[in-house]
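1. Got a sequence here, can you build the structure:
(2 chains)
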Protein chains: 2
Amino acid sequence: MNRTLDFYEPIKQELNEVENSLFKLSDVSVDCVSPLLGHLFQVQGKKMRPAITILSSKLFPGSREEPLLMAGAVELLHLATLIHDDTVDDASTRRGRATIASLWGPQVAVLVGDYIFATSATFVCNTNNIRVIRRFSETIMELSTGELMEQFSLFDWRQTRKQYEDRIYNKTACLFSTSGESGAVLSKAPESVVQSMKNYGKYLGMAFQVIDDILDFEADASEMGKPVGNDLVQGILTLPGMLLLERYPNDNPIVSLFEGKDEEKNLKKALDMLHNSETIQNSYLVAEGFARQATEVISDIPESAYKRSLVEIASYAVERQN
Amino acid sequence: MNRTLDFYEPIKQELNEVENSLFKLSDVSVDCVSPLLGHLFQVQGKKMRPAITILSSKLFPGSREEPLLMAGAVELLHLATLIHDDTVDDASTRRGRATIASLWGPQVAVLVGDYIFATSATFVCNTNNIRVIRRFSETIMELSTGELMEQFSLFDWRQTRKQYEDRIYNKTACLFSTSGESGAVLSKAPESVVQSMKNYGKYLGMAFQVIDDILDFEADASEMGKPVGNDLVQGILTLPGMLLLERYPNDNPIVSLFEGKDEEKNLKKALDMLHNSETIQNSYLVAEGFARQATEVISDIPESAYKRSLVEIASYAVERQN
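-> Reported below is the predicted structural model:
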């Protein structure tokens, strides 16, 4: 765990337990599935979603076991969506390692994704909490809706900010929201805390995705493992591009790029304009706004090490470089 | 409903209600998802899984609503697996209509499959029955395991009958089993009936899949929408091929075909040998054995129109021509 993630300190033990419960999955599964899961769990992500579930469950004293099951479930669900996304995007690497799709083919990747989806659902079932189980199913619907929204809006430069926010809520923020909500529900926190944590997760997730979309224009290839401006190349319009279209509605290179005209030249031109205008900076302001809202909605929750971590995560979501 | 499916008569009303509840899904969903679901629900399948759930729930008086939710769920789950299978197999038609993958691309098909998976789970959640919800999640794991087993055994002519039976249990029979089990659980039938219906579904599903595998060698292209021997071409070894390998272990054209030698000639030779030997007939005997077991495990259940339908379905599973 690197220095930046100090806010995981109060729940280090719990996060390790969750990690171990996922590792163990590759032991028990059938022959052909085992190496796939082994490959998958070797790579360590940021573990933000399980951390939020665990921190949320610590705000009020309650049962320890169910939130850990749920934390495993939200991480597994996240992994399942990554596998299907990589298949959909034809991505060859993820977190610096070869994707399941590139190693075993898209067929296997689709099925392993399904397997992990189902495994995550069995984790949630083991909480025996119908409210959380139902919310989890709805979350899978929202996640796939978000990805479908993205697929159906490719190369459409006329999208509104409202459409963008709907899309990133579904694609990303809903799972953060479910992570926060379920931790509170399973620790039997008061309903007001459940709602606060649900909203905390939502706003944090929005901030997180806006930053992801900004980093797509900023990070160099060695850091993110993909070229700068990759979203634009794929026809995905995100906040920085939208702000550029608002600022320069006439003769905008993104329009030409999306219409398939002189792609290399127009991509370069769009990237130059993005970096020489205030659009990236203004995108950061939007992300900071969401992160601030995340912090504000939990302002009534009593102070504790766990709450401090939640506040720090909101800052980290905006400050992170990858 | 055609004449062959007379055994649906006692639950005609219920099946219509389930069908309508699925149709309604395309109204309520978000803009971009709606036409996809509309396309999907236009095609009517055999509705065997929901029929089994409903019939099972009628054997003992109990709640009416939950079994109907579950019947919708098992049909949706079946549809979701078909969408992912068609994507995996690169199939262009299903039940005589273009597949989602061929119309909207594999990307969208993967995501719509996920969406339907999740929708099926929300139907199950609405039963509020944890036992059934958990069984449903396990079933999705088994279904994807079955498909993975198939992917990992492609072009392997050394497979055993045991491996084949494991594979078709996971791929097909487990969902039939869950359909039978859940109907009984949700109508609060005695545990012995639950176990009988679970086993009925399992054996019926085994019979159903063996027949599917036989029909792959028999149906002409206009009936099944795919060429004869398609499984062999794709490297999928099923019961008839296994029996042929057992009967003619030396110089078998399936071995040459799977090793990529002179494919056209060896496929033709394998098909000729299959049709000129007792292997197809012996495969029917295996299917009939499973169907008989299905009928036997429910022999202690009191007679009724519903039980009669279950028995007739077991006969139909073996006699059907498509």
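2. May I have stretch A:303-311 as PDB, with CA atoms only?
-> Output of stretch A:303-311 as PDB, limited to C-alpha atoms (Å, rounded to 0.1, in the frame of the first residue of the first chain):
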ATOM      1  CA  GLU A 303     -16.000  12.700  13.900                       C
ATOM      2  CA  SER A 304     -13.900   9.500  13.900                       C
ATOM      3  CA  ALA A 305     -10.800   8.000  12.200                       C
ATOM      4  CA  TYR A 306     -13.200   6.400   9.700                       C
ATOM      5  CA  LYS A 307     -15.000   9.600   8.800                       C
ATOM      6  CA  ARG A 308     -11.600  11.300   8.400                       C
ATOM      7  CA  SER A 309     -10.600   8.600   5.900                       C
ATOM      8  CA  LEU A 310     -13.800   9.200   4.000                       C
ATOM      9  CA  VAL A 311     -13.000  12.900   3.800                       C
END
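3. buried residues in it?
-> Within stretch A:303-311, the residues that count as buried by 16 or more other Cβ atoms under 10 Å in any protein chain shown are A:306-307, A:309-311. Where C-beta positions appear, they are placed from N, C-alpha and C, glycine not excepted.
4. Run the chain-centre distance for that stretch.
-> 21 Å (Cα atoms, centre = their mean, to the nearest Å).
5. mind putting the buried residues of stretch A:303-311 in CSV, secondary structure included?
-> Conversion of the buried residues of stretch A:303-311 to CSV gives the following (DSSP: H, G, I helix; E, B strand; the rest coil):
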residue, secondary structure
A:306, helix
A:307, helix
A:309, helix
A:310, helix
A:311, helix
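6. tell me which of those is nearest to chain B?
-> Using Cβ to the nearest Cβ, residue A:310 is the member of the buried residues of stretch A:303-311 that sits closest to chain B, with 27.6 Å.
7. Verify the contact between the closest one and residue A:297 for me.
-> No - taking contacts as Cβ atoms under 8 Å, residue A:310 lies outside contact range of residue A:297: 10.4 Å.
8. and for these two, which residues touch both?
-> residue A:200 (Cβ atoms under 8 Å, 6 or more residues apart in numbering or on different chains).
9. Just give me the closest of the buried residues of stretch A:303-311 to residue B:124.
-> residue A:310 (32.5 Å; Cβ to Cβ).
10. which ones are touching the closest one?
-> Here residue A:310 is in contact with A:52, A:55-56, A:200, A:298 (Cβ under 8 Å, 6+ apart).
11. where does the stretch 201-322 of chain A come near chain B, residue by residue?
-> Taking Cβ under 8 Å from any Cβ of the partner chain as the measure of proximity, the stretch 201-322 of chain A makes no contact with chain B.
12. how far away is the closest residue to chain B within the stretch 201-322 of chain A from residue A:53?
-> Residue nearest to chain B within the stretch 201-322 of chain A (Cβ to the nearest Cβ): residue A:234, separated by 10.9 Å. Using Cβ to Cβ, to the nearest Å, residue A:234 is found at 31 Å from residue A:53.
13. show me the contacts for whichever residue of the stretch 151-300 of chain A sits closest to chain B.
-> Residue of the stretch 151-300 of chain A nearest chain B, by Cβ to the nearest Cβ: residue A:152 (4.1 Å). Neighbour list for residue A:152: B:32, B:108 [criterion: Cβ under 8 Å, 6+ apart].
14. Show the pLDDT at it.
-> Among the per-residue scores, residue A:152 holds a pLDDT of 92.
15. Switch the buried residues of stretch A:303-311 over to a markdown table; also include distance to residue B:105 and pLDDT.
-> Shown next, in a markdown table, are the buried residues of stretch A:303-311 (distance: Cβ to Cβ, whole Å; pLDDT from 0 to 100):
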| residue | distance to residue B:105 | pLDDT |
| --- | --- | --- |
| A:306 | 44 | 97 |
| A:307 | 45 | 97 |
| A:309 | 42 | 97 |
| A:310 | 40 | 98 |
| A:311 | 43 | 97 |
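16. what's the closest non-adjacent residue to residue A:38?
-> Nearest non-adjacent residue to residue A:38, counting by Cβ to Cβ, 6 or more residues apart in numbering or on different chains: residue A:26, 4.4 Å away.
17. Repeat that for residue A:122.
-> Nearest residue to residue A:122, sequence neighbours excluded (Cβ to Cβ, 6+ apart): residue B:137, at 4.5 Å.
18. tell me the SS of the one you found?
-> Classified using three-state DSSP, residue B:137 is helix.
19. My read is that it contacts residue A:118, right?
-> Yes - here residue B:137 reaches residue A:118: they are 5.5 Å apart, a contact under Cβ under 8 Å.
20. Next, the angle from the one helix or strand residue A:145 maps to to helix B:130-152.
-> Per DSSP states H and E, residue A:145 falls inside helix A:130-152. Angle of helix A:130-152 versus helix B:130-152, following axes from the mean of the first three to the mean of the last three Cα atoms, to 10 degrees, is 40 degrees.
21. got the contact list for the next helix or strand after helix A:130-152?
-> Counting by DSSP H and E, the element after helix A:130-152 in chain order, helix or strand, is helix A:161-168. Outside helix A:161-168, the residues that touch it by Cβ under 8 Å, 6+ apart are A:146, A:149-150, A:153, A:205-206, A:209-210, A:213, A:237-239, A:242.
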